[in-house]
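Visitor: The sequence isn't on hand, but the structure is:
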C-alpha cells in the first residue's frame, strides 16, 4: 500500500491519511443499504467515479449514505469531490461618467483595478427601454479596442438585461456607446464591475421530460420531470424556437408547511432573442441555478405578459459534476452502496487533500446499473415484519348543511388534480374551508393547493352614459357569478393619447335599503403614441365581489371620450389534489358558512402526493345532487335573508293554522 501511494507521487500527508483511514475502517452491513452499483476497477491506484443521476436519485439528499466496499465487504475510504461553485465579487468603478450626445449616450468608466473583469452591470431607473450597445476597453483612454457591437440592453415587461460581457479582459477604462436614434436617451446612474474569483465549473446535461404544460393568464407553467432527485443543478436551458422575444422566467418547487401547499422560487432570470438596429440577433436561453431538488419535479414559469406563449418543446437542465475519489489497493470488483436513511456522514479526514487528489490523474470509471440489494432490511426493522399500506380514507359526512353538490369527472384512477371553476370559487367560503370530496357518504382526503397562478375571464364593457354627467364615461361589466374572488381587472384601450383617472366600483345597498357605491380600485392611466407603449392598464383588486356587476368610470374633462376595449377579470387558481381508486360516483360539496377546514392524515405524505404525476379532473357543470335542496336554510347565518325567510315561514304557518281552526256559528 505504501509503495502504491509513493508511485502516485502523492504527498506524505495524503499517504498517511489514506493509510490511517484504511486501517481504522470496519466492515459494513450491505443489507442495510437498499441499492448497489458494481465498480469494475481494472488497475490499482487512485480511482474517480463519475456519478450518474441514478446514483444521486438512490442516495440521501446530501449523499451521506454513499459507501464503497471491496469484494470481502470491507469499507473503503473515499472523498466526495464537490468542486467549489463559481463566485464573483461586485466592485464599484473608480469613476462613472454619462454624457448625452446627438443620437447616442456615451458612458465612460475608470475601473481602478488591474484584475481580469468578467462583466459589468449597469444601473438605471428607466422602466421601459431597448438599446444596442458598443463596448470598448482601453489602458490609456486614448487607444481603444472594440470588444463587441450591437449588444442588447433592455428592460421590458419584467424582463431585463443590464449586464455586458467583458470576456475576462483587463482594462483601465471602459467605454459604452448606446444608440438613441429611435427614442429618448436612457438615464444610467452607475455600474458594477464583476470579478470571478473562481472559474465556472464544468457542467453536464441532465435528462428531463416535459410532463405537462399549462397556460394561465399571462403565464406559461411547464412541469418538468428530472431523471433523478438530489442532483446538484447549475442551470436550466429553454431553447425556444421563436424568432424574437424576451421573457422573465422563474424556477420553483412545491413545498408543504403545516399541511399548506406552496411554491418556493429557486432561480430566476431572463431569456431573450433580440436583434437591435438591424444587427445580428443575440440570444440568451439559460437561467442560472444553484439548487439541489429533493424531488424529480421542477416548475418552470414563463411570464408572457400580453405576448403569446413561446414555442418550447424541450427543456435542458444542466448539473454540476460530483465525483467519488478512492484508493483501490487492488484491481477487481468493488461495490457502491446507497439508499440507507439511517447512515451518517462518514468522517474520513480526506477533505483537506481534495486539490491534491484531483491533480493526481486518477483512473475514471462509471458505475454499473442501479440494482436492488437482495434481502434488504433497514436497520430499524431488522427482524420485524414490514407494515402494510395504510389506507388514507376519510370519515363519513352528512352533507345536509352543504348547499352545493357537483359531480366530479375523472379520466382514470390515481392521483387527481381538480381545479375549481369560477362557480365553485364564488359559492364556496373565501378560505375554501368548506370544500369536501365524497365517494358515496365517505370523504376523500385532499390537499388544497393555491399556487401563485391565475386564470382570466374575458368581459365586455358596455357604455352606459349618464345624462346628468356628460363629461363622465361609464361602462357596465357583467360577471358570470356573484361572489367571484378577483385579483386584478385589466382594461384595454387603443386611444393613442390620453391621461385619466379610473374608478372601478360596485353598486350596493346597506341593511337600511340605502344605495351606495363601493370602490374596488382607483388609479391613473396614461398613454402616449410612442412605439411599444402598452394598450393595457392593470388595476389590483383583492377580495370577493358582492354582486355580479362591475362599474367603470372616468372623467374626460374637456377631452373627447376614450375607447375602452375588452376587459380581463383575473381570478386565482385553487386546486384539490387527491388520490382515488374510483372513477365514478365522486362529488364535491361546498357552500357551508359554518364549517371549519378538515384535518386529514394525508398531510403526512403531502409532498409525495403533490409531486406525483397527476390526472386532470373536472367539475360537472350541473348540480345533480338532491342533498343540495334538503335544507333550504343551510348556510344562512342570521342576516336579512334569514329573517325574511323565517318571517315568511311564520306567516304561512299562521295562515294554515287559521284555516284549520273551527269556524264559529253565525
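Guide: Sure thing, it's come through. These figures come from a predicted structure and were not determined experimentally. Numbers count the residues shown, from 1 in each chain.
Visitor: going forward, measure contacts and count neighbours with C-alpha atoms only.
Guide: Noted.
Visitor: Pull the residues that contact stretch 437-453.
Guide: Residues from elsewhere that reach stretch 437-453 (Cα atoms under 8 Å, 6 or more residues apart in numbering): 216-217, 219, 259-263, 392-398, 436, 572-580, 585-589, 600, 602-603, 606.
Visitor: How far off centre is stretch 507-516?
Guide: 43 Å (Cα atoms, centre = their mean, to the nearest Å).
Visitor: and the end-to-end length of that stretch?
Guide: 6 Å (Cα to Cα, to the nearest Å).
Visitor: Likewise for stretch 277-288?
Guide: End-to-end distance (Cα to Cα), stretch 277-288: 28 Å.
Visitor: what's the answer for stretch 580-598, then?
Guide: End-to-end for stretch 580-598, by Cα to Cα: 18 Å.
Visitor: So what's the gap between it and the chain middle?
Guide: 28 Å.
Visitor: buried residues in it?
Guide: The neighbour-count check on stretch 580-598 (16 or more other Cα atoms under 10 Å) flags 580, 586-593 as buried.
Visitor: Repeat that for stretch 128-140.
Guide: 130-138.
Visitor: what ranges do the helices span in the stretch 301-450 of the chain?
Guide: 354-358, 422-427 (DSSP state H, counting those that start in this stretch).
Visitor: Among the contacts of stretch 437-453, which lie within helices?
Guide: Members of these lying in helices (criterion: DSSP state H): residue 606.
Visitor: Can you tell me which of the contacts of stretch 437-453 are buried?
Guide: Judged by 16+ other Cα under 10 Å, buried ones among those: 216-217, 219, 259, 261-263, 393-394, 436, 572-580, 586-589, 600, 602-603, 606.
Visitor: Now do the strands in the stretch 451-600 of the chain.
Guide: 454-459, 462-463, 472-478, 485-492, 498-509, 515-527, 536-544, 549-555, 567-572, 575-580, 586-590 (DSSP state E, counting those that start in this stretch).
Visitor: I'd like the ones you listed as CSV, with distance to residue 90 and mean pLDDT appended.
Guide: Formatted as CSV, the strands of the stretch 451-600 of the chain follow (distance: least, Cα to Cα, whole Å; pLDDT from 0 to 100):
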stretch, distance to residue 90, mean pLDDT
strand 454-459, 37, 92
strand 462-463, 54, 94
strand 472-478, 51, 95
strand 485-492, 38, 94
strand 498-509, 41, 94
strand 515-527, 38, 93
strand 536-544, 36, 89
strand 549-555, 48, 95
strand 567-572, 39, 93
strand 575-580, 43, 92
strand 586-590, 54, 95
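Visitor: Kindly reformat these as TSV and extend each row with distance to residue 74.
Guide: Listed next are the strands of the stretch 451-600 of the chain as TSV, based on distance: least, Cα to Cα, whole Å:
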stretch	distance to residue 74
strand 454-459	57
strand 462-463	81
strand 472-478	76
strand 485-492	62
strand 498-509	75
strand 515-527	71
strand 536-544	64
strand 549-555	76
strand 567-572	57
strand 575-580	44
strand 586-590	56
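Visitor: Between the ones you listed, which one is closest to residue 412.
Guide: Between residue 412 and these, the shortest separation by Cα to Cα is 9.2 Å, and it involves strand 575-580.
Visitor: what helix or strand does the residue nearest the centre of the chain sit in?
Guide: Centroid-nearest residue in the chain: residue 252, 3.1 Å away (criterion: Cα atoms, centre = their mean). In this structure, residue 252 sits in strand 245-257 according to DSSP states H and E.
Visitor: buried ones in that strand?
Guide: 245-254, 256.
Visitor: repeat for stretch 72-79
Guide: Buried-residue list, stretch 72-79, by 16+ other Cα under 10 Å: 74-79.
Visitor: Stretch 175-190 too?
Guide: Of the residues in stretch 175-190, 175-180, 185-186, 188, 190 count as buried by neighbour count, 16+ other Cα under 10 Å.
Visitor: cool, and stretch 106-118?
Guide: 106-111, 116-118.
Visitor: In JSON lines, list those residues along with secondary structure, pLDDT and distance to residue 539.
Guide: Output for those, formatted as JSON lines (DSSP: H, G, I helix; E, B strand; the rest coil; pLDDT from 0 to 100; distance: Cα to Cα, whole Å):
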{"residue": "106", "secondary structure": "strand", "pLDDT": "95", "distance to residue 539": "38"}
{"residue": "107", "secondary structure": "strand", "pLDDT": "95", "distance to residue 539": "37"}
{"residue": "108", "secondary structure": "strand", "pLDDT": "95", "distance to residue 539": "41"}
{"residue": "109", "secondary structure": "strand", "pLDDT": "95", "distance to residue 539": "41"}
{"residue": "110", "secondary structure": "strand", "pLDDT": "95", "distance to residue 539": "44"}
{"residue": "111", "secondary structure": "coil", "pLDDT": "94", "distance to residue 539": "44"}
{"residue": "116", "secondary structure": "coil", "pLDDT": "91", "distance to residue 539": "47"}
{"residue": "117", "secondary structure": "strand", "pLDDT": "92", "distance to residue 539": "43"}
{"residue": "118", "secondary structure": "strand", "pLDDT": "91", "distance to residue 539": "41"}
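Visitor: what's the farthest-apart pair in these?
Guide: Across these (Cα to Cα), the longest gap, 22.8 Å, separates 106 and 116.
Visitor: Residue 28 is in contact with residue 72, isn't it?
Guide: No. Look at residue 28 against residue 72 with Cα atoms under 8 Å: they stay out of range, at 10.2 Å.
Visitor: Using the record's domain definitions, break the chain down for me.
Guide: What automatic domain parsing lists as the domains of the chain is 2-82+322-380, 88-196, 207-319, 454-572.
Visitor: Show me how far the longest one is from its chain's centre.
Guide: Translated: domain 2-82+322-380. Taking Cα atoms, centre = their mean, one finds domain 2-82+322-380 lying 36 Å from the centre of the chain it belongs to.
Visitor: do the third one as well
Guide: With Cα atoms, centre = their mean as the basis, the distance from the averaged C-alpha position of domain 207-319 to the chain average is 9 Å.
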